[in-house]
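Trainee: this one's structure only:
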(Lines give C-alpha, C1' and ligand atoms only; values in the text may rest on other atoms or scores of the structure.)
Protein backbone atom coordinates (compact mmCIF):
# COMPACT_ATOMS: atom_id res chain seq x y z
CA UNK A 1 0.00 0.00 0.00
CA UNK A 2 1.45 3.33 -0.98
CA UNK A 3 2.10 6.14 1.45
CA UNK A 4 -0.53 8.31 -0.27
CA UNK A 5 -3.21 5.65 0.30
CA UNK A 6 -2.26 5.37 3.97
CA UNK A 7 -2.39 9.15 4.41
CA UNK A 8 -5.78 9.35 2.68
CA UNK A 9 -7.18 6.60 4.91
CA UNK A 10 -5.79 8.34 7.99
CA UNK A 11 -7.32 11.68 6.95
CA UNK A 12 -10.69 10.06 6.23
CA UNK A 13 -10.68 8.26 9.57
CA UNK A 14 -9.81 11.47 11.40
CA UNK A 15 -12.57 13.35 9.53
CA UNK A 16 -15.15 10.76 10.57
CA UNK A 17 -13.98 10.91 14.18
CA UNK A 18 -14.14 14.71 14.13
CA UNK A 19 -17.59 14.79 12.50
CA UNK A 20 -19.23 13.13 15.51
CA UNK A 21 -18.61 15.90 18.05
CA UNK A 22 -19.07 18.67 15.46
CA UNK A 23 -22.37 17.41 14.07
CA UNK A 24 -23.74 15.72 17.17
CA UNK A 25 -26.04 18.56 18.21
CA UNK A 26 -27.09 19.59 14.70
CA UNK A 27 -28.10 16.24 13.31
CA UNK A 28 -31.18 14.42 14.56
CA UNK A 29 -31.47 10.70 14.02
CA UNK A 30 -34.68 8.76 14.58
CA UNK A 31 -34.82 5.96 17.12
CA UNK A 32 -35.43 3.44 14.34
CA UNK A 33 -32.26 4.53 12.51
CA UNK A 34 -30.27 4.36 15.75
CA UNK A 35 -31.51 0.80 16.25
CA UNK A 36 -30.66 -0.16 12.66
CA UNK A 37 -27.16 1.31 13.00
CA UNK A 38 -26.58 -0.66 16.19
CA UNK A 39 -27.77 -3.86 14.52
CA UNK A 40 -25.57 -3.16 11.48
CA UNK A 41 -22.53 -2.70 13.71
CA UNK A 42 -23.24 -6.01 15.44
CA UNK A 43 -23.68 -7.80 12.11
CA UNK A 44 -20.37 -6.41 10.83
CA UNK A 45 -18.61 -7.52 14.01
CA UNK A 46 -20.03 -11.05 13.73
CA UNK A 47 -18.99 -11.21 10.06
CA UNK A 48 -15.47 -10.12 10.98
CA UNK A 49 -15.23 -12.74 13.74
CA UNK A 50 -16.61 -15.47 11.45
CA UNK A 51 -14.18 -14.60 8.68
CA UNK A 52 -11.23 -14.54 11.06
CA UNK A 53 -12.27 -17.76 12.80
CA UNK A 54 -13.11 -19.84 9.76
CA UNK A 55 -10.62 -18.82 7.11
CA UNK A 56 -6.87 -18.70 6.70
CA UNK A 57 -6.23 -16.75 3.54
CA UNK A 58 -8.57 -18.35 1.03
CA UNK A 59 -8.74 -21.74 2.72
CA UNK A 60 -10.66 -23.19 5.66
CA UNK A 61 -8.71 -22.67 8.88
CA UNK A 62 -9.45 -26.13 10.25
CA UNK A 63 -11.53 -27.12 13.26
CA UNK A 64 -9.17 -26.08 16.06
CA UNK A 65 -9.49 -22.33 15.53
CA UNK A 66 -13.32 -22.23 15.37
CA UNK A 67 -13.43 -24.41 18.49
CA UNK A 68 -11.24 -21.89 20.33
CA UNK A 69 -13.46 -19.03 19.17
CA UNK A 70 -16.52 -20.96 20.33
CA UNK A 71 -14.99 -21.46 23.77
CA UNK A 72 -14.18 -17.75 23.92
CA UNK A 73 -17.72 -16.85 22.90
CA UNK A 74 -19.29 -19.06 25.56
CA UNK A 75 -17.02 -17.67 28.27
CA UNK A 76 -17.64 -14.10 27.14
CA UNK A 77 -21.41 -14.66 27.25
CA UNK A 78 -20.99 -15.97 30.79
CA UNK A 79 -19.08 -12.76 31.60
CA UNK A 80 -15.80 -14.45 32.43
CA UNK A 81 -12.77 -12.20 32.94
CA UNK A 82 -11.10 -11.24 29.67
CA UNK A 83 -7.71 -12.84 30.45
CA UNK A 84 -9.48 -16.14 31.19
CA UNK A 85 -11.36 -15.92 27.88
CA UNK A 86 -8.15 -15.37 25.93
CA UNK A 87 -6.19 -18.11 27.73
CA UNK A 88 -9.03 -20.62 27.42
CA UNK A 89 -9.48 -19.93 23.70
CA UNK A 90 -5.76 -20.18 23.00
CA UNK A 91 -5.46 -23.27 25.17
CA UNK A 92 -8.37 -24.99 23.44
CA UNK A 93 -6.89 -24.29 20.04
CA UNK A 94 -3.41 -25.41 21.12
CA UNK A 95 -4.60 -28.66 22.71
CA UNK A 96 -6.70 -29.55 19.67
CA UNK A 97 -3.77 -28.87 17.35
CA UNK A 98 -1.49 -30.92 19.61
CA UNK A 99 -3.99 -33.79 19.32
CA UNK A 100 -3.80 -33.59 15.55
CA UNK A 101 -7.00 -31.66 14.85
CA UNK A 102 -6.06 -29.23 12.11
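Mentor: Ah, there it is. Because the structure is a prediction, the values reported are computed rather than measured.

Trainee: Low-confidence stretches in this structure?
Mentor: 1 (pLDDT under 70).

Trainee: Can you show me the strands along it?
Mentor: All strands of the chain, identified by DSSP state E, fall at 55-56, 59-60.

Trainee: could you dump those to a markdown table with mean neighbour count?
Mentor: Using the backbone N, CA and C atoms, a C-beta is placed for each residue, glycine as well. Below are the strands of the chain laid out as a markdown table (neighbours: other CB atoms under 10 Å):
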| stretch | mean neighbour count |
| --- | --- |
| strand 55-56 | 11 |
| strand 59-60 | 10 |
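
Trainee: Out of those strands, flag the one nearest residue 82.
Mentor: Each of the strands of the chain has some distance to residue 82 by CB to CB; the shortest is strand 55-56, at 24.5 Å.

Trainee: Residue 31 - how many residues pack around it?
Mentor: Using other CB atoms under 10 Å, residue 31 has 7 other residues around it.

Trainee: cool, the one 5 residues further on as well?
Mentor: Using other CB under 10 Å, residue 36 is surrounded by 12 other residues.

Trainee: and what of residue 93?
Mentor: Close neighbours of residue 93, defined as other CB under 10 Å, add up to 22.

Trainee: thought it was touching residue 67?
Mentor: Yes - distance between residue 93 and residue 67: 6.8 Å, which falls inside the contact criterion (CB atoms under 8 Å).

Trainee: isn't residue 97 right up against residue 64?
Mentor: Yes - applying CB under 8 Å as the test, residue 97 and residue 64 come out as touching, 4.8 Å apart.

Trainee: Comparing these two, which shows the higher neighbour count?
Mentor: Counted by other CB under 10 Å, residue 97 and residue 64 do not tie: residue 64 has more neighbours, with 19 against 16.

Trainee: and the gap between the most far-flung residue of the chain relative to its centre and residue 20?
Mentor: The C-alpha centroid of the chain is most remote from residue 26, which lies 30.5 Å away (CA atoms, centre = their mean). Remark: distance between residue 26 and residue 20 (CB to CB, to the nearest Å) = 11 Å.
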